[in-house]
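Trainee: Here is my input, please return the structure:
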Amino acid sequence: MYTLNEAQQLIDRHLKNIKFPEEPAELYDPVRYILSIGGKRVRPALVLLACDMFAGSVDSALHPATAVEIFHNFTLLHDDIMDKSELRRGKDTVHIKWNNNVAILSGDVMSITASRLLNNSPGAVLRGVNDVFTKTAIQVCEGQQMDMNFEKEQVVEESSYLKMIELKTAVLIAASLKIGAMLGGAAEKDAEILYNFGRDLGIAFQLQDDLLDTYGDPDLVGKKPGMDIVDNKKTMLMIMALEGGNDGQKEELIHWLSAEVFDPDRKISEVVRIFNELDIKSKVQEKIKHYYDNSLSHLKDLNCPDERKTELYNFACNLMKRKK
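Mentor: Next comes the predicted model:
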């Protein structure tokens with residue numbers, strides 16, 4: 001059985017062996033750049049782990065797993081343009097280092113490359129793997145559009161937010177596990193159980209991201225706390241505060257959400273004060289625990305020896321213990 005770390009190393013080596021054309025340089029240099037500046041390779045590693053759980057050939061899963069990683073990086077590249085982000089993994093984003101047009105086209109070629117690599121899946125499962133991948137790709141786009149729509153909305157319902165993070169973040173984690181299980185020869189029921197595990201864990205992961213942005217240790221997170229507040233992000237914290245606050249608290253939150261000129265430090269301080277008054281931190285922690293516990297309950301139903309589930313249990317546990 002492979003460990004997560006071993007699977008991540010396999011993906012790193014495989015990525016380095018993928019040769020992109022030298023010309024036109026403006027198209028392929030950004031692809032090499034975004035794939036070289038880090039990333040934990042968690043999603044493709046999950047493909048390999050799921051395949052290995054059912055005694056499948058990890059070597060035959062390397063191309064599809066790498067396809068997942070390249071697709072994930074493609075989404076980040078385009079998200080950075082839409083979010084006007086200047087940094088990715090501590091480095092200039094592609095649209096900053098080059099320009100928007102270059103970033104869009106390089107992202108396009110990454111998406112196509114991912115599809116081509118996925119077509120190296122064994123013939124017996126190729127159609128099913130492609131179906132999961134393409135459905136997931138569409139869902140990720142839907143989630144990104146919902147996220148952008150929320151920027152224009154003053155109030156977002158909790159159910160809508162949970163659906164957005166499921167589509168934007170969780171489904172790709174879920175699909176990675178399901179694709180890996182299919183490549184490993186798992187029964188359809190077991191592949192779906194792994195999908196549900198990944199979906200619920202992915203939701204817990206994103207909710208934890210929301211929490212860390214406001215309450216994380218800045219030395220560990222690597223950025224000043226409260227940037228989601230400054231950027232008017234409709235995170236679970238803000239949504240729960242708007243739903244659970246009294247009239248005065250809601251009025252104050254809406255004031256800060258609509259203010260065009262403000263002192264960022266004061267805005268963070270005042271909004272966090274309201275979060276603390278409403279005990280939002282513990283309420284979000286309860287919601288994280290709900291989805292985390294749900295994810296582990298799915299693993300219990302998986303039809304394979306318990307020792308083959310250990311690495312996924314460890315992955316889920318470590319993910320929830322992270323401080324950044």
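
Trainee: Surely Phe205 touches Thr169?
Mentor: Yes - taking contacts as Cβ atoms under 8 Å, Phe205 lies within contact range of Thr169: 6.9 Å. Just so you know, the C-beta spots here come from the backbone N, C-alpha and C atoms, and that holds for glycine as well.

Trainee: could you pull out the helices for the stretch 51-200 of the chain?
Mentor: 58-83, 94-97, 100-118, 123-150, 158-165, 171-183, 188-215 (DSSP state H, counting those that start in this stretch).

Trainee: list the contacts for the nearest residue to Asp200 once chain neighbours are set aside?
Mentor: Of all residues not flanking Asp200 in the chain, Ser295 sits nearest, at 3.9 Å (Cβ to Cβ, 6 or more residues apart in numbering). By Cβ atoms under 8 Å, 6 or more residues apart in numbering, Ser295 lies in contact with Asn196, Phe197, Gly198, Arg199, Asp200, Leu201, Ala204, Ala316.

Trainee: Between Phe205 and Thr169, tell me which one has more neighbours.
Mentor: Per other Cβ atoms under 10 Å, whichever of Phe205 and Thr169 has more neighbours is Phe205, with 23 against 20.

Trainee: Quick check: the more buried one vs Pro44, distance?
Mentor: 16 Å (Cβ to Cβ, to the nearest Å).

Trainee: Could you do Thr310 as well?
Mentor: Thr310 is 20 Å from Pro44, by Cβ to Cβ.

Trainee: Give me the more crowded residue out of those two.
Mentor: It is Pro44, of Thr310 and Pro44, that has more neighbours when counted by other Cβ under 10 Å, with 31 against 13.

Trainee: tell me which residues in the strand or helix carrying the more buried one are buried?
Mentor: Per DSSP states H and E, Pro44 falls inside helix 42-53. Within helix 42-53, the residues that qualify as buried are Val42, Arg43, Pro44, Ala45, Leu46, Val47, Leu48, Leu49, Ala50, Cys51, Asp52, Met53, counting by 16 or more other Cβ atoms under 10 Å.

Trainee: Now for Leu118, how many residues are close by?
Mentor: The burial count for Leu118: 23, using other Cβ under 10 Å.

Trainee: Skipping its backbone neighbours, what lies nearest it in space?
Mentor: Leu118's closest residue in space is Ala67 (Cβ to Cβ, 6+ apart), at 4.2 Å.

Trainee: pLDDT score assigned to Ser160?
Mentor: For Ser160, the model assigns a pLDDT of 97.

Trainee: re the thing from before, and the residue nearest to Asp200, that's in a helix?
Mentor: Yes - membership of Ser295 in a helix is supported by DSSP: H, G, I helix; E, B strand; the rest coil.

Trainee: Tell me how far it lies from Gly184.
Mentor: 20 Å.

Trainee: Same question for Arg32.
Mentor: Relative to Gly184, and taking Cβ to Cβ, Arg32 is found at 31 Å.

Trainee: Same question for Tyr33.
Mentor: On the measure of Cβ to Cβ, Tyr33 and Gly184 end up 33 Å apart.

Trainee: what residues are up against Arg199?
Mentor: Taking Cβ under 8 Å, 6+ apart as the test, what Arg199 contacts is Glu166, Ala170, Val171, Ile173, Ala174, Ser295.

Trainee: Return, as residue ranges, the portions of the stretch 201-324 of the chain with sub-threshold pLDDT.
Mentor: 220-223, 323-324 (pLDDT under 70).

Trainee: List just the one of the helices of the stretch 51-200 of the chain that sits closest to Tyr28.
Mentor: Closest of these to Tyr28 is helix 100-118, at 7.4 Å (criterion: Cβ to Cβ).
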